[in-house]
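Give me the fold of what follows.
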Amino acid sequence: MNFSQVPDRSNTRSVKWDLGKKIYKSEDILPMWVADMDFMAPTQVIEDLKKRLEHGVFGYTITDKEIETSIQGWFSDHYHWDISTDWITYSPGVVPSLHMIVESLTNEKDRIMIQTPVYPPFFDVVEKHNRTLVENPLMLEDGRYEMDYDHIEEEFKKGVSLFILCNPHNPVGRVWTYDELNKLGQLCLQYNVFIVSDEIHADIIYRSHQHVPIASLSKDLANITISCYAPTKTFNLAGLQVSYLVTPNSEIRTKVKNFFGKFGLGMLNTMGITGMESAYLKGEKWLEELILIIEENKKIVEDMIQPYHEFVKLIQSEGTYLLWLDFRGLQMDDEELKLFLQEKAKVGFNNGKSFGVNGEGFMRMNIATTTENVKEGTRRILKALDKYVAKE
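Residues are numbered from 1 along each chain as shown. From the prediction side, this is the model:
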């Protein structure tokens, strides 16, 4: 795979590129926002999708033991977790899964905890179901985010039904360690708090780190956890809309699966099934190369902005292809910062405030694109900063 060249995504109904032009109201914005990659999926996956396409019949398609075994093997090889295929429930996406889990396992007004700044739909899956949002702000210590366990326990004592974990964390890039997860898990067990763990970024981990599924730590934790996965972030298959839940607790699994059935969401699309199996069986080498590119792109951004650390800092991440940039040194309010980056730097980022109040002054940058695009996007920021500093 040549990661230095990418197809032109314009006029493909791309959210990132085509919708981005409408959102940012400009044709010359370099889009580095929504979390999909500009890279083509693995060649073997594309070939398998073509082969399925050439068959020409796209009737209802089942998931079978071969699909389940491909998932099982991936978990064993990558997460060192031996799962039963019986634990798997399919879904069109992680976000729909979160909505279904909240609706099926909690009641109106129940308190649900999230760790901010965090992926914006986490707010929706609580508030749109008339549940009570409880924020556990992550603590930024020396450029690295940590969990505030004292605050977690304080809120658990008041009553929390569900904890939505993001691991690896979007947008701050933390890959939570065994000890961190175990400490959190023990609190959840102590206070009878159920865990939903969004692990969609689990495969894009920098080489010095290891993803640990919280449900893999013990049978007790597995019994109170639903884990959400998908091959879509890993292999750039988001448009195929395929994901799954891993739920060891049979009672909870049945309750959630029945709720999916209530809304007719028990079946995946044909191409999604094909893409998922192919990716898990044949995508290993491609993923290894991807991670090298992501690490290289992160280092480029880090080195280029270092002389400008007074105005912008890179939060240290350990996984995902998303960078969390701290622009608080500019002392701009949220709207000023957004307009500065759009109108002066001509780059399209995700606005930090959308990840929670404690995201104000930050921006999320997607570096899953060519190294040249990463350099160009960073150059645009620095050029705008130079002009801003000169004016000041």
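
Next, count neighbours for the residue lying closest to Arg9 once chain neighbours are set aside.
In space, and not counting its chain neighbours, Arg9 is closest to Trp17: 4.4 Å by C-beta to C-beta, 6 or more residues apart in numbering. Every residue, glycine included, has its C-beta placed from N, CA and C. Trp17 has 20 neighbouring residues, counting by other C-beta atoms under 10 Å.

Show the pLDDT at Trp17.
Trp17 is assigned 92 on the pLDDT scale.

That one reaches Ser10, doesn't it?
Yes. With contact defined as C-beta atoms under 8 Å, Trp17 reaches Ser10; the gap is 5.5 Å.

between these two, what contacts are shared?
Common neighbours of Trp17 and Ser10, using C-beta atoms under 8 Å, 6 or more residues apart in numbering, do not exist here.

hey, where'd the helices end up in the stretch 201-350 of the chain?
For the stretch 201-350 of the chain, the helices defined by DSSP state H, counting those that start in this stretch occupy 219-223, 232-235, 250-262, 270-282, 284-305, 334-339.

Could you tell me the angle between the fifth one and helix 270-282?
Here helix 284-305 points in a direction 90 degrees away from that of helix 270-282 (axes from the mean of the first three to the mean of the last three C-alpha atoms, to 10 degrees).

for the chain, what helix or strand is lowest in average pLDDT?
Of all helical and strand segments in the chain, the minimum by mean pLDDT, DSSP states H and E falls on helix 20-24, at a mean of 86.

ok, then the element right after it?
Beyond helix 20-24 on the C-terminal side, the first helix or strand identified by DSSP states H and E is strand 30-31.

Can you list the strands that that next one pairs with?
The pairing partners recorded for strand 30-31 under DSSP bridges are strand 347-348 (parallel).

and the next helix-or-strand element following the strand it pairs with, what does it pack onto?
The element immediately downstream of strand 347-348 (helix or strand, assigned by DSSP H and E) is strand 350-351. On a contact count with 3 or more C-beta pairs under 8 Å, 6 or more residues apart in numbering; DSSP states H and E, strand 350-351 meets strand 362-366.

element containing Gln72?
Assigned by DSSP H and E, Gln72 belongs to helix 65-79.

send the alpha carbons of that helix over as PDB?
Output of helix 65-79 as PDB, limited to C-alpha atoms (Å, rounded to 0.1, in the frame of the first residue of the first chain):
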ATOM      1  CA  LYS A  65     -19.400 -19.100  12.400                       C
ATOM      2  CA  GLU A  66     -16.600 -18.100   9.900                       C
ATOM      3  CA  ILE A  67     -17.400 -14.400  10.600                       C
ATOM      4  CA  GLU A  68     -17.400 -14.900  14.300                       C
ATOM      5  CA  THR A  69     -14.200 -16.900  14.200                       C
ATOM      6  CA  SER A  70     -12.400 -14.100  12.400                       C
ATOM      7  CA  ILE A  71     -13.400 -11.700  15.200                       C
ATOM      8  CA  GLN A  72     -12.400 -14.200  17.800                       C
ATOM      9  CA  GLY A  73      -9.000 -14.700  16.200                       C
ATOM     10  CA  TRP A  74      -8.400 -10.900  16.000                       C
ATOM     11  CA  PHE A  75      -9.200 -10.500  19.700                       C
ATOM     12  CA  SER A  76      -6.900 -13.300  20.700                       C
ATOM     13  CA  ASP A  77      -4.000 -12.000  18.600                       C
ATOM     14  CA  HIS A  78      -4.400  -8.300  19.300                       C
ATOM     15  CA  TYR A  79      -6.000  -7.900  22.700                       C
END
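
Okay, angle between that helix and helix 270-282 too, please.
50 degrees.

Can you tell me the SS state at Leu133?
Of the three states, Leu133 takes strand under DSSP: H, G, I helix; E, B strand; the rest coil.

Can you read off the pLDDT for it?
pLDDT recorded at Leu133 is 98.

same thing with Glu392?
Value for Glu392, per-residue pLDDT: 63.

repeat for Met267
As predicted, Met267 sits at a pLDDT of 86.

if I read this right, it contacts Tyr60, doesn't it?
Yes. Between Met267 and Tyr60 there is a contact at 6.7 Å, judged by C-beta under 8 Å.

Which one of those two is surrounded by more residues?
Using other C-beta under 10 Å as the criterion, Met267 and Tyr60 rank with Met267 on top: 14 against 7.

show me what contacts the more buried one?
Going by C-beta under 8 Å, 6+ apart, Met267 touches Tyr60, Thr61, Tyr90.

Nearest to Asp28, out of the helices of the stretch 201-350 of the chain?
With C-beta to C-beta as the measure, helix 334-339 is the member of these nearest Asp28 (15.1 Å).

in the helix holding Gln72, what counts as buried?
Within helix 65-79, the residues scored as buried using 16 or more other C-beta atoms under 10 Å are Ile67, Glu68, Ser70, Ile71, Gln72, Trp74, Phe75, His78, Tyr79.

Show the subsequent helix or strand relative to that helix.
Note on helix 65-79: by DSSP H and E, the next helix or strand toward the C-terminus is strand 88-91.

Tell me the helix or strand right after that following strand.
Proceeding N to C from strand 88-91, the next assigned helix or strand is helix 94-105, under DSSP H and E.

And that following helix, what does it pack against?
On a contact count with 3+ C-beta pairs under 8 Å, 6+ apart, helix 94-105 meets helix 121-127, strand 162-166, strand 194-198, strand 225-229, strand 243-246, helix 250-262.

Quickly, which of these bottoms out on average pLDDT?
helix 250-262 - the lowest mean pLDDT of these, at a mean of 95.

and the angle for that one with strand 194-198?
Comparing the axes of helix 250-262 and strand 194-198 via the same axes, to 10 degrees yields an angle of 60 degrees.

Which other helices and strands does helix 250-262 contact?
In terms of contacts (3+ C-beta pairs under 8 Å, 6+ apart), helix 250-262 is packed against strand 88-91, helix 94-105.

tilt between the last one and strand 162-166?
Using the same axes, to 10 degrees, the direction of helix 94-105 lies 170 degrees away from that of strand 162-166.

quick one: buried residues of helix 94-105?
For helix 94-105, burial by neighbour count (16+ other C-beta under 10 Å) applies to Val94, Val95, Pro96, Ser97, Leu98, His99, Met100, Ile101, Val102, Glu103, Leu105.
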